[in-house]
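1. Provide a 3D model corresponding to the input given below.
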Amino acid sequence: MDTQIFEKIRDLLAEQLDIPADSITPESDIIDDLEADSLTVLDMVMTLEDEFDIEIPDEDVEKLRTVGSVVSYVEDHT
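-> This next block holds a predicted model:
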């Protein structure tokens, strides 16, 4: 796992969810553990697309359950 990508995603999530960055791990489930709602997930996707200059199709969004899966997705598409 790319540490720089993880840290950037962790920091973006911490800011969006208004939670401490150190409470976010690769195993954190974005909805269950971090309590993100569907609007927050959509906002996260748009932020990731802007930050990493990638396109995340709707059918891929549901696969992004954990922070680690988001990091892997970004690594595979950048």
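2. confidence score at the nearest residue to Met44 once chain neighbours are set aside?
-> Spatially, and ignoring its direct neighbours in sequence, Met44 is nearest to Gln16 (6.1 Å; Cβ to Cβ, 6 or more residues apart in numbering). Just so you know, the C-beta spots here come from the backbone N, C-alpha and C atoms, and that holds for glycine as well. Per-residue pLDDT puts Gln16 at 94.
3. next: the one 5 residues further on.
-> At Ala21, the pLDDT value in this model is 97.
4. and the gap between it and Glu59?
-> 29 Å (Cβ to Cβ, to the nearest Å).
5. with neighbour numbers in mind, choose between these two.
-> Applying other Cβ atoms under 10 Å to Ala21 and Glu59 shows that Ala21 carries more neighbours, namely 12 against 7.
6. so the more buried one sits against Leu12, correct?
-> No - using Cβ atoms under 8 Å, Ala21 is not in contact with Leu12; the gap is 9.5 Å.
7. point out where the chain drops to low pLDDT.
-> Counting by pLDDT under 70, the chain contains no low-confidence range.
8. quick one: the helices in it?
-> Here the chain has its helices, by DSSP state H, at 3-17, 38-52, 58-61, 67-77.
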